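**Student:** Predicted coordinates and the sequence they were generated for:
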Amino acid sequence: MNNSFYNDFAAHFAASTLPSLVRSFNSQVGKRGFNSVRAAHDQALIDELVRRGIDVSAVFDGTAISFAYHVGLDNNSLLIRKKII
């Protein structure tokens, strides 16, 4: 993973609101392309959610992040909202 991209995304997400972080996550749902920039984005996003005490277990198992479903925030947890068709 490119640390420069990760650091840029991490700084951006650190300054973002929780609703903005959820929107950032949901904007990735259904996208299939993957490269080092996407990897840095996704990891920085999950790391920021975790840093804020958000339970991300519905979409992250500690290794892989699933963007199969839109999520919402409820009681400091990401919850799956609907399936992409």
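**Tutor:** Okay, I see it. Numbers count the residues shown, from 1 in each chain.

**Student:** Poorly predicted segments of the protein, please.
**Tutor:** 1-2, 83-85 (pLDDT under 70).

**Student:** change it to 90
**Tutor:** Low-confidence segments of the chain, defined by pLDDT under 90: 1-3, 30-34, 81-85.

**Student:** Contacts for the longest helix anywhere in it next, please.
**Tutor:** Secondary structure of the chain per DSSP state H: the longest helix is helix 36-51. Residues outside helix 36-51 that contact it (CB atoms under 8 Å, 6 or more residues apart in numbering): 1-2, 5-6, 8-10, 12-14, 16, 21, 24-25, 28, 31, 56, 60, 65, 67, 78. In this view, the C-beta of every residue, glycine as well, is placed from N, C-alpha and C.

**Student:** Send me it as PDB with only the CA atoms.
**Tutor:** Presented in PDB, the C-alpha positions along helix 36-51 are these (Å, rounded to 0.1, in the frame of the first residue of the first chain):
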ATOM      1  CA  SER A  36      -3.200   0.800  -4.600                       C
ATOM      2  CA  VAL A  37      -5.100   4.100  -4.300                       C
ATOM      3  CA  ARG A  38      -8.300   2.300  -3.600                       C
ATOM      4  CA  ALA A  39      -6.600   0.000  -1.000                       C
ATOM      5  CA  ALA A  40      -5.200   3.100   0.700                       C
ATOM      6  CA  HIS A  41      -8.600   4.800   0.700                       C
ATOM      7  CA  ASP A  42     -10.500   1.700   2.000                       C
ATOM      8  CA  GLN A  43      -8.000   1.000   4.800                       C
ATOM      9  CA  ALA A  44      -7.800   4.700   5.900                       C
ATOM     10  CA  LEU A  45     -11.600   4.800   6.000                       C
ATOM     11  CA  ILE A  46     -11.900   1.700   8.100                       C
ATOM     12  CA  ASP A  47      -9.100   2.800  10.400                       C
ATOM     13  CA  GLU A  48     -10.800   6.100  11.000                       C
ATOM     14  CA  LEU A  49     -14.100   4.500  11.800                       C
ATOM     15  CA  VAL A  50     -12.400   2.100  14.300                       C
ATOM     16  CA  ARG A  51     -10.400   5.000  15.800                       C
END
